[in-house]
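Asks: Here you go, sequence then predicted model.
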Amino acid sequence: MKHTFLLMAAGLIAGTTSLPALANQQLATAKNCMACHAAAQKLVGPSYKEVAAKYAGQKDAADKLATKIIKGGAGAWGPVPMPANPQVSEAEAKQLVSWILSQK
C-alpha cells in the first residue's frame with residue numbers, strides 16, 4: 001500500500017513538473033512585453049484586449065501572433081513596428097498568445 005502511494009505521488013509530481021508554465025502577465029513582464037503593451041490600454045503598441053478583439057475567431061491567429069512575437073512585424077497597428085523578440089521561445093510565444101487572446 002505504501003509503495004503504491006509513493007508511485008502515485010511520484011507520477012503526479014513528474015506529470016506536473018513537465019507541464020509548461022501558465023502564461024500570464026508574469027511571463028509577459030519577464031519577456032519585456034509589458035514595456036510596450038498593457039492589458040487594457042494602448043501604450044506604444046495596442047492593448048492585449050484590442051489584440052484579442054481584432055483576432056477573435058481567426059483560426060490562424062495563434063500561429064500568426066506567435067510568429068509576430070518572435071520575429072516582429074509592422075503595419076498591423078500603425079506606423080510603429082513591433083521589434084523582434086528572439087529571447088522568446090516558440091513555446092513561450094504560444095503561451096503568451098493563449099493568454100493575450102483570452103483577454104476580454
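Replies: Everything's here; your move. It should be emphasised that the depicted structure is a prediction, and the values quoted were computed from it without experimental measurement.

Asks: Tell me how many other residues surround residue 87.
Replies: For residue 87, the count of nearby residues is 10 (other Cβ atoms under 10 Å). For every residue, glycine as well, the C-beta is placed using N, CA and C.

Asks: I'd say it and residue 27 touch.
Replies: No - distance between residue 87 and residue 27: 11.9 Å, which falls outside the contact criterion (Cβ atoms under 8 Å).

Asks: The residue lying closest to residue 101 once chain neighbours are set aside: which element?
Replies: Counting by Cβ to Cβ, 6 or more residues apart in numbering, residue 52 is the residue found nearest to residue 101 once chain neighbours are left out, at 5.1 Å. Using DSSP states H and E, residue 52 maps to helix 48-55.

Asks: Outside of that helix itself, which residues are in contact with it?
Replies: Counting by Cβ atoms under 8 Å, 6 or more residues apart in numbering, the neighbours of helix 48-55 from elsewhere in the structure are 37-40, 42, 46, 61, 64-65, 99-104.

Asks: Please tell me how far residue 72 sits from residue 93.
Replies: 12 Å (Cβ to Cβ, to the nearest Å).

Asks: Who has more neighbours out of those two?
Replies: Per other Cβ under 10 Å, whichever of residue 72 and residue 93 has more neighbours is residue 93, with 22 against 13.

Asks: and the more buried one, what is it in contact with?
Replies: Residue 93 makes contact with 65-67, 69-70, 85, according to Cβ under 8 Å, 6+ apart.

Asks: Now with 6 Å, please.
Replies: For residue 93, the contacting residues are 66, 69-70, by Cβ atoms under 6 Å, 6 or more residues apart in numbering.
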